[in-house]
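Enquirer: Model the structure of this input:
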Amino acid sequence: MIIIVIVILAILTYVSWINIEKLSTRIVAGLISFVLLAAAVLLLTVNMNSHYGMKKVTTSTEKTIYSAGGSKSPAGMLITQRLGTKADNYVMIYADREDSKAKAHFVPNKKKITEAIHKRATYRTADVKKATVKTVTTRWEWKNDFFKWLLEFGGEGHSLAKQTTTVTVPKKTWVVLSAQQAKQVTAKQKAASQNKAAAAAQQKQMRDAAQAKVAAYIKANPKASANDIANYSKEATAEMTASAMKQMLK
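Expert: Residues are numbered from 1 along each chain as shown. Now for the predicted structure:
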């Protein structure tokens, strides 16, 4: 509507100064139409530059994610690739469901580069049980229907102001790897599996370490249920596996 208003006021301004013969009437009509035209243009400019008539609305979503290495490995895996050289912004590979294949997330959309520059994805490790991805999105929305009716002409409503996504993974049972490090670990695991004796010895060492942790847990928690013990055993195995993977990177 604001574009239509500007066009009408521009026409009125022209007609007032050119077609009205009486000087006093021409000056009054010309000044009024010009002032209104200037105000309309200013209003449009302020809206485009400072989002006048709009407000920021923030929403947040969070969900569980799963290992890029599949469900067969006890330890979780997050593969990352930094975007640029300094920005804390990454493409990350993980699975959305336990039974689904891992895929790349947060790849910038080159067709929507203006929107892509407002998005940032990063990761952190923490003392948590599950890996999650939390997205906080801030969008520009119209303050009310009047501003929407007057100023909207290019789909400005619901436009993205900022979006920050944080992937949080358990620091003890997950491993964060770059794409190059993931290849390195895979190669070492493949080489180790070909030496059956060494592989069996390593598995026994990890199994014994996990069993020792479970035994210590049972001693410290004599009233723990069978389900609690099973969960802790699974966690201990994942922790030992993650530790072994981290050692491969050294």
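Enquirer: got any ranges where the protein has weak pLDDT?
Expert: Along the chain, the model assigns pLDDT under 70 to residues 86, 154-155, 192-202.
Enquirer: can you list the domains in it?
Expert: Per automatic domain parsing, the structural domains of the chain span 2-50, 56-175, 180-248.
Enquirer: can you give me how far the first one is from the chain middle?
Expert: How far domain 2-50 lies from its chain's middle: 45 Å, per C-alpha atoms, centre = their mean, to the nearest Å.
Enquirer: Tell me which stretches of this protein form strands.
Expert: Secondary structure of the chain (DSSP state E): strands located at 54-64, 76-82, 90-94, 103-105, 119-126, 132-142, 159-170, 174-178.
Enquirer: Let's have the domains of the chain in a markdown table, adding mean neighbour count.
Expert: Bear in mind the C-beta positions are built from the backbone N, C-alpha and C, glycine included. Formatted as a markdown table, these follow (neighbours: other C-beta atoms under 10 Å):
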| stretch | mean neighbour count |
| --- | --- |
| domain 2-50 | 14 |
| domain 56-175 | 15 |
| domain 180-248 | 14 |
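Enquirer: quick check: angle from the longest helix anywhere in the chain to strand 54-64?
Expert: When the chain is parsed with DSSP state H, its longest helix is helix 23-50. Interaxial angle, helix 23-50 versus strand 54-64 (axes from the mean of the first three to the mean of the last three C-alpha atoms, to 10 degrees): 20 degrees.
Enquirer: And Asn227, how far from Glu235?
Expert: With distances taken as C-beta to C-beta, to the nearest Å, Asn227 is found 13 Å from Glu235.
Enquirer: residues in contact with the residue sitting nearest the centre point of the chain?
Expert: Against the mean C-alpha coordinate of the chain, by C-alpha atoms, centre = their mean, the closest residue is Thr165 at 2.6 Å. Shown in contact with Thr165 (C-beta atoms under 8 Å, 6 or more residues apart in numbering): Phe106, Lys119, Arg120, Ala121, Thr122, Val133, Lys134, Thr135, Val136.
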